[in-house]
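Q: sequence and predicted structure, then a few things I'm wondering about:
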Amino acid sequence: MHGLEAPVMGGATSRRLPGDVNIWVFVIGDMLIFSAYFAAYLFADRVGNHELFLQSQQYLSQNLGFCNTLILLTSSLFVALGVHAARLGDFAVASRFLELAGACGVVFLFVKAYEWYSKLVGGLTISTNAFFMHYYVMTGVHVVHVLIGLTFLIVLWRELRGAPTPRMELVEAGGIYWHMVDFLWFLIFALLYLMR
Amino acid sequence: MSDVLAAHAGAQSANEAAPTAKNHKLDQWICWWSLPIFYNLFGFIFVYLGKLMPPPRPGLTTAEIVAFIQANASSMQTAWVLLTLSLGFASLSSGLIIVQMKRMTVSPALPYAYMAALAVAALPGCLLCTILFALAAFRPDRDPEIIALLYDMGLLSFVGSLGCFATQYMIFAIAIFLDKRGIFPKWLGYMSIWGAVTELVAAPIWIFKSGPYAWDGLISFYLGTIIFVVWEFFLISSLSKAIKQQPVEELTSPCTV
Amino acid sequence: MRPYLQHPLTRLWLVLLLATVLSWWLGSDKPVASHQAGVLTAVSILVVAIIKCRLVIRNYMEVRFAPSWLQWTCDAWLLLNFAMVSSFYWFAI
């Protein structure tokens, strides 16, 4: 992707760890943990249950899933722009971007709540069948991650507004976590909603 | 040549100072040793003697539960006696963690909350289940329904105390993140968040009798245990580092052995 | 705010958006020619998702400027997930 180097890094081309080691321990570990969830889902699906899974998937609203994907990837853009603005010293704009990202996150939660509600009202609970067990647990764990991400964003927002010189590693770390929440959702959306 | 001698003399006096520093922290080291000892013992008890890790699959019939206990009666009896004797060790490590947490730049409310959360969690999570399992193992003549009930209650209290443990993890994580002195590394705080989320994901075990979210499931049990073991390992090594790095001047009541 | 909207990161957002629309279209209910075609559709949705993940990782998370160990780790994870999911789809039905 040409044009992304210089503007993003302010001209630096040497290798640099974004954020700090701590957040990467967290993020990489979380990525592996989610892979375990995916593996559990695949194993349950493929071991003789595929018909059931296919039928159950029909009940999922791809449209709601699509909306949520758009919401999250837009929030990721805001976070990335916010980090970039902070790096340029534009802290007011940066915190504005984080507010927008946080708003997206909250909208995501509302859409998710509505999605769950409409399933529950239709009698599809966590113990309905194996597919819905995985659906509720995976999306549930993801929601917990969104909540943690929102907490992180609030911490970043306070840092950008309060501190005389906001710590860039913290801002980057929060951004990195939020992007992880976003791309994990890409995979959940593909696996649960789209791939049949 | 003279600076080599001077350096050697300097090193010698440093070595002479070192034993005293180590003795000043002897009490903390005693507490620290309780961790590897207790947790290895705990593992040995639950895995080999008690046969509860991994737990037998949920949904066993009464007859199967009774048969399981009878088949392992003697090792189970040993397990629970050992555990009732050694359970108190956990308090040594709690004391140590709290002392190190008090060094952080956070209100003492956090270490006290940690202690309270763990004390509450240990009651159902360890002591109660020990009593229930011991009762099931030592009274084979009881009505099978009662034995099955004791077994169920034991396992569910062992896993079901997850809320308190999740709280404990979160308190620990918050303290680490707020601490400006870096007593514990930040990544340990992040691992504690994994621990908290793992406890939350264990909640479905109340519902599922099979599959990855049952109490013997791939996610609820195996992944959860792996995360716990990893966290405990890094907690123990981080505590060791924290004790070593603690300046002697900071000790409020240095051990004077 | 205007200069930010013309930023390359925003162009990337558009790409991600279009990719999402593409996968949404692929995943929508369409008559499937054969079993193989169904699996192929599923795997192509997966590929699009993995590409989206990689774009976010390398550009939003700035991993493309990170030390090689991190780049390799992230790519390895993507590969692991791709291999795991696609092999289940290819072999296990």
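A: Noted; the coordinates are in hand.

Q: spell out which parts of chain A neighbour chain B.
A: By C-beta under 8 Å from any C-beta of the partner chain, the residues of chain A that approach chain B are A:20-23, A:25-26, A:29-30, A:33, A:36-37, A:40, A:43-44, A:126-127, A:130, A:133, A:137, A:141, A:144-145, A:148. (C-beta placed from N, C-alpha, C; glycine too.)

Q: in PyMOL, select just the buried ones from these.
A: To isolate the buried members of those in PyMOL, using 16 or more other C-beta atoms under 10 Å in any protein chain shown:
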select buried, chain A and resi 20+22+23+25+26+29+30+33+37+40+43+44+126+130+133+137+141+145+148
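
Q: if we check chain C, which of the residues of chain A next to chain B are in contact?
A: A:F43.

Q: where along chain B do the helices fall?
A: Assigned by DSSP state H, chain B shows helices spanning B:2-24, B:26-44, B:62-71, B:73-86, B:89-102, B:109-122, B:129-138, B:144-160, B:162-178, B:186-201, B:224-245.

Q: quick one: which of those helices is nearest C:A42?
A: The closest of those to C:A42 is helix B:186-201. By C-beta to C-beta, the value is 26.8 Å.

Q: tell me which other helices or strands that closest one touches.
A: The contact analysis (3 or more C-beta pairs under 8 Å, 6 or more residues apart in numbering or on different chains; DSSP states H and E) places helix B:186-201 against helix A:21-46, helix A:130-162, helix B:162-178, helix B:224-245.

Q: buried residues, it. List them.
A: By neighbour count with 16+ other C-beta under 10 Å, helix B:186-201 contains the buried residues B:186-199, B:201.

Q: ok, and the closest non-adjacent residue to A:I23?
A: Distances taken as C-beta to C-beta, 6 or more residues apart in numbering or on different chains place A:A173 nearest to A:I23, at 3.9 Å, with adjacent residues excluded.

Q: the one you found contacts A:D20, correct?
A: Yes - judged on C-beta atoms under 8 Å, A:A173 makes contact with A:D20 at a distance of 6.2 Å.

Q: hmm, back to that, for C:W69, find the nearest of the helices and strands packed on helix B:186-201.
A: helix A:21-46 (9.9 Å).

Q: name the helix or strand for A:I176, please.
A: helix A:168-188 (DSSP states H and E).

Q: avg pLDDT for that helix?
A: Averaging pLDDT along helix A:168-188 yields 96.

Q: what's the angle from it to helix A:130-162?
A: If you take axes from the mean of the first three to the mean of the last three C-alpha atoms, to 10 degrees, helix A:168-188 sits at 160 degrees to helix A:130-162.

Q: related to what we said a few turns ago, can you add mean pLDDT and distance to C:L18 and give the helices of chain B back as JSON lines?
A: Output for the helices of chain B, formatted as JSON lines (pLDDT from 0 to 100; distance: least, C-beta to C-beta, whole Å):
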{"stretch": "helix B:2-24", "mean pLDDT": "53", "distance to C:L18": "64"}
{"stretch": "helix B:26-44", "mean pLDDT": "89", "distance to C:L18": "52"}
{"stretch": "helix B:62-71", "mean pLDDT": "87", "distance to C:L18": "56"}
{"stretch": "helix B:73-86", "mean pLDDT": "88", "distance to C:L18": "59"}
{"stretch": "helix B:89-102", "mean pLDDT": "90", "distance to C:L18": "50"}
{"stretch": "helix B:109-122", "mean pLDDT": "92", "distance to C:L18": "47"}
{"stretch": "helix B:129-138", "mean pLDDT": "89", "distance to C:L18": "54"}
{"stretch": "helix B:144-160", "mean pLDDT": "86", "distance to C:L18": "46"}
{"stretch": "helix B:162-178", "mean pLDDT": "92", "distance to C:L18": "38"}
{"stretch": "helix B:186-201", "mean pLDDT": "93", "distance to C:L18": "33"}
{"stretch": "helix B:224-245", "mean pLDDT": "93", "distance to C:L18": "38"}
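
Q: and of those, who's closest to A:A163?
A: Nearest to A:A163 among those is helix B:162-178; the distance by C-beta to C-beta comes to 14.6 Å.

Q: ok, and for the closest one, which residues are buried?
A: For helix B:162-178, by 16+ other C-beta under 10 Å, it's B:162-176.

Q: and stretch A:148-158, by the same measure?
A: A:148-150, A:152-153, A:156-157.

Q: make CSV from the residues you listed and add pLDDT to it.
A: What follows is the buried residues of stretch A:148-158, written out as CSV (pLDDT from 0 to 100):
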residue, pLDDT
A:I148, 96
A:G149, 96
A:L150, 97
A:F152, 95
A:L153, 96
A:L156, 95
A:W157, 95
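
Q: B:W33: which of the residues you listed is nearest?
A: Using C-beta to C-beta, the buried residues of stretch A:148-158 come closest to B:W33 at A:I148, 34.5 Å.

Q: as JSON lines, the helices and strands packed on helix B:186-201 with distance to B:A117 would be great.
A: Formatted as JSON lines, the helices and strands packed on helix B:186-201 follow (distance: least, C-beta to C-beta, whole Å):
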{"stretch": "helix A:21-46", "distance to B:A117": "22"}
{"stretch": "helix A:130-162", "distance to B:A117": "19"}
{"stretch": "helix B:162-178", "distance to B:A117": "4"}
{"stretch": "helix B:224-245", "distance to B:A117": "15"}
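
Q: then stretch A:169-179 to CSV, C-alphas only?
A: Output of stretch A:169-179 as CSV, limited to C-alpha atoms (Å, rounded to 0.1, in the frame of the first residue of the first chain):
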residue,chain,number,x,y,z
GLU,A,169,3.0,4.1,24.1
LEU,A,170,-0.3,4.1,26.1
VAL,A,171,-2.3,5.6,23.3
GLU,A,172,-0.8,3.2,20.8
ALA,A,173,-1.4,0.2,23.1
GLY,A,174,-5.1,1.1,23.5
GLY,A,175,-5.3,1.5,19.7
ILE,A,176,-3.7,-1.9,19.2
TYR,A,177,-6.1,-3.6,21.5
TRP,A,178,-9.1,-2.0,19.8
HIS,A,179,-7.9,-3.1,16.4
